[in-house]
Structures are given as C-alpha cells and as structure tokens.
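A.B. asks: Return atomic coordinates for the entry below.
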Amino acid sequence: MLLNPRMSKTKRGIPAEVKREEGRKLKAIWERTKDDKGLTQESYCAAIGLNQGMLQQMFRGSSPIPLDTLLNLSISLDFDPRDVRPDLDTTYKKMALAIGGVEGRAAARELESMSDEGRKEVEALITAAESSLE
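C.D. replies: Numbering: from 1, shown residues only. A predicted model of the protein is given here:
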C-alpha cells in the first residue's frame, strides 16, 4: 500500500479512484460554500477564469485537479488545499499568495516536485520572511 496514492500514476495519469475522491471532496466544499457566498457555478467560474465544464469534470473526477487550479480554488473559496489533497503542504498556498499569478503557479509546480527536505527549507524561508514583515 502506497502512502501517497497519487504516486501510483499509470501511463494515463492519476488513478481514476484518486481523481474521483478528490472530485468528491472538492464538490463537498463547493456545496458547503456556494450558498454562504451567494455563488453559482456560472458566476464563480466567470469570476476566476475557469471553464464551467472543467469544474464539473473535476467534481465528477473525470478530470484531474491541476495544482494551480486547486490553489486558486482554495484561496477564493477559503479552504485548505489539503482538504482535497492531503499530500500537499501548506507551502503551496503560501507561495501562491506570496508570489501570485503565473509566477506563483510555476513556483507551486516546482515545489510539488521537491523533496520533503527541500519543502522544509522553503517553509523556513517563508516563515523567516513573514516574521520580518511583522
């Protein structure tokens, strides 16, 4: 049994059962959040620049949730991305918030491929930078 089921990628990508589970979690977050924020899928997708059909595919688990999209969703809907992907470190969200835009997405992709030790070093740098701003 793998500790991280996302690491058991097949030739065709992330295993279907992992995509479905992540989609189920994302949809549950959406269902809890949409009414409080007065959102419809159509208005929300237009506001964040996401294709509504793609959001529905992610909810069903027929399409994987790209890391940059997950980060954008987590920021705009105010949830921890680990609620959908427990294997993530909060560093991704911090980096996206700190850098933003295209650079943030590129940094998040780079962090995803880092070792645990590398992520800990980045986390220490972020913590030091945050402390210096206080």
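
A.B. asks: Which secondary structure element of this structure has the lowest mean pLDDT?
C.D. replies: Ranked by mean pLDDT, DSSP states H and E, the weakest helix or strand in the chain is helix 91-99, scoring a mean of 59.

A.B. asks: Could you double-check that K19 sits in contact with G61?
C.D. replies: Yes: between K19 and G61 there is a contact at 4.2 Å, judged by Cβ atoms under 8 Å. C-beta: built from backbone N, CA, C; applies to glycine.

A.B. asks: Okay, now the unreliable bits of this structure?
C.D. replies: Applying pLDDT under 70 to the chain picks out residues 1-12, 89-115, 118, 122, 125-134.

A.B. asks: Which stretches in it count as helices?
C.D. replies: 16-37, 41-48, 52-60, 67-77, 91-99, 101-112, 116-133 (DSSP state H).

A.B. asks: which parts of the longest one are buried?
C.D. replies: Looking back up the chat, that one is helix 16-37. In terms of neighbour count (16 or more other Cβ atoms under 10 Å), helix 16-37 has its buried residues at V18, K19, E22, G23, K25, L26, K27, I29, W30, T33.

A.B. asks: Show the contacting residues for the second one.
C.D. replies: The contact partners of K19, by Cβ atoms under 8 Å, 6 or more residues apart in numbering, come to G61, S62, S63, P64, I65.

A.B. asks: Next, the contact list for the last one, please.
C.D. replies: Just to be clear, that refers to I65. Counted by Cβ under 8 Å, 6+ apart, I65 has contacts K19, E22, G23, L26, M58, L73, V84, R85.

A.B. asks: quick one: the last one from M54, how far?
C.D. replies: Right, the one you point to is R85. According to Cβ to Cβ, to the nearest Å, R85 and M54 sit 17 Å apart.

A.B. asks: Neighbour count: the two, which is higher?
C.D. replies: Per other Cβ atoms under 10 Å, whichever of R85 and M54 has more neighbours is R85, with 20 against 14.

A.B. asks: Would you mind measuring from the closest residue to L77 other than its chain neighbours to A46?
C.D. replies: Leaving out its chain neighbours, the residue that sits closest to L77 by Cβ to Cβ, 6 or more residues apart in numbering is T33, at 5.0 Å. Distance, T33 to A46, by Cβ to Cβ: 17 Å.
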